[in-house]
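Student: fold the following for me, if possible:
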Amino acid sequence: MRKCFRLIARCAAGLAGLTLMVAAPVMAVPLLTPQAVVRIAGGEHGIGFDDIGYFPSLGKVSIPAGQTGNLVLLDPASGKVAASYRVTAPAISMHGHEQGTSSATYGDGYIFASDHGQPGVVVLDARDGKRIAHVKLASGPDYVRYLQSSHELWVTEPRAQQIQVFSIKPGNKPLVSANSIIPIAGGPESLVFDRDLNRAYTNLWKDKTVVIDTTTHKPVGEWNDTCKGPRGLALDAAKGFLFVGCTEGKVAVLDVNHGGKVLATAPSGAGIDIISDNRRSQHLYVPGARSASMTIFKVSPSGALHALAVYRTAKGAHCVTDDGKGNVFVCDPHAGTLLEIKDP
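Tutor: Okay, here's the model as predicted:
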């Protein structure tokens, strides 16, 4: 899936043995080490982390802890676990991120978390983690996202090449009803909503980013994102920038207001999957699973990307999230931990 860069920069003394796959303009930036490690209970033999994220309404980092079957909520300021909720039964194998729970979202007072054991989504009360309902899916889940404006739950199902949409009627016990199925041939990978333009964006596994009308639930366009393997997405709606992480080792910036025009690209460590952006600081966080590194980019007003720093992470570290206040967390699936970075 991933392709290494030919141009390789080797770290100096303190980071001997670490190979960072970055282009020449990135070589001059500082090579840094995460400030702390957060251990997750049950992760001693590894956790198949995937879609870690941040819930602004709760002020917590969401850590679906894979094969442990638990959803962990982290206080980003202290880096300490605030709560751990059981989503599904623990899996026997401790490898891969298609077991247990791997994605979660928040909306209307509920947390929706994927369940790979019985393909579905578990609905939890966000106040205490009490299990309220289980939504059955047609196929195994990947990304779980909540569209607050229409009270809809969207779930990507790559094996079925579709997105399932459910309508949610909030209450003491929410009423969940099937709404529609959106076919995405050759995908879908990742999912992000553009509430200003009533759109959703997802990727195909090769070359393209797909635009979906969130009112009609119909794909309305495909954009050439210049990625051989488009993976993670992040959106700055105010600027009109859609960031696409390319697994081969680069990031593309698309202009959502002008037909997905490519504004800029920049090289980074190979094995890119999930990415995250801080709209306040205009920083973009891009980990590379194969390069065992994470690059922090500054996003200019024109959309150009300038590398500020490269952090040493770990092999397989493909997911990242931040709280918008400089607290950044990168997953280390093999160690079952999170690497904590304080972005100044």
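
Student: neighbours of the nearest residue to Gln282 once chain neighbours are set aside, how many?
Tutor: Once flanking residues are discounted, Gln282 sits nearest to Val299: 4.5 Å by Cβ to Cβ, 6 or more residues apart in numbering. (Glycine included, C-beta is placed from N, CA and C.) Neighbours of Val299 under the rule other Cβ atoms under 10 Å: 25.

Student: pretty sure Val299 is touching Arg279, no?
Tutor: No. In terms of Cβ atoms under 8 Å, Val299 does not count as a neighbour of Arg279; the distance is 9.2 Å.

Student: what touches both of those two?
Tutor: Shared contacts of Val299 and Arg279, defined by Cβ atoms under 8 Å, 6 or more residues apart in numbering, comprise Asp236.

Student: and stretch 137-155, how far from the chain's centre?
Tutor: Taking Cα atoms, centre = their mean, to the nearest Å, one finds the center of stretch 137-155 at 15 Å from the center of the full chain.

Student: between the two ends of it, how far is it?
Tutor: Taking Cα to Cα, to the nearest Å, the first and last residues of stretch 137-155 lie 9 Å apart.

Student: buried sites along it?
Tutor: Residues 137, 140-147, 152-155 are the ones in stretch 137-155 that count as buried (16 or more other Cβ atoms under 10 Å).

Student: pipe the residues you listed into CSV and attach distance to Gly229 and pLDDT per row.
Tutor: What follows is the buried residues of stretch 137-155, written out as CSV (distance: Cβ to Cβ, whole Å; pLDDT from 0 to 100):
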residue, distance to Gly229, pLDDT
Leu137, 25, 95
Gly140, 20, 93
Pro141, 21, 95
Asp142, 15, 95
Tyr143, 17, 97
Val144, 22, 97
Arg145, 21, 98
Tyr146, 27, 98
Leu147, 27, 97
Glu152, 28, 98
Leu153, 27, 98
Trp154, 22, 98
Val155, 22, 98
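
Student: reformat those as TSV; add secondary structure.
Tutor: Output for those, formatted as TSV (DSSP: H, G, I helix; E, B strand; the rest coil):
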residue	secondary structure
Leu137	coil
Gly140	coil
Pro141	coil
Asp142	coil
Tyr143	coil
Val144	strand
Arg145	strand
Tyr146	strand
Leu147	strand
Glu152	strand
Leu153	strand
Trp154	strand
Val155	strand
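
Student: next, Arg159: secondary structure please.
Tutor: Secondary structure for Arg159, judged by three-state DSSP, is helix.

Student: how close does it get to Tyr201?
Tutor: 21 Å (Cβ to Cβ, to the nearest Å).

Student: got the buried residues of stretch 137-155 as TSV, with distance to Thr88 columns?
Tutor: Output for the buried residues of stretch 137-155, formatted as TSV (distance: Cβ to Cβ, whole Å):
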residue	distance to Thr88
Leu137	13
Gly140	13
Pro141	11
Asp142	15
Tyr143	17
Val144	13
Arg145	19
Tyr146	19
Leu147	24
Glu152	23
Leu153	17
Trp154	20
Val155	15
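
Student: nearest to Gly316 among the residues you listed?
Tutor: Asp142 (17.8 Å; Cβ to Cβ).

Student: circling back to that earlier point, for Arg159 and Tyr201, indicate the residue with more neighbours.
Tutor: Counted by other Cβ under 10 Å, Arg159 and Tyr201 do not tie: Tyr201 has more neighbours, with 26 against 12.
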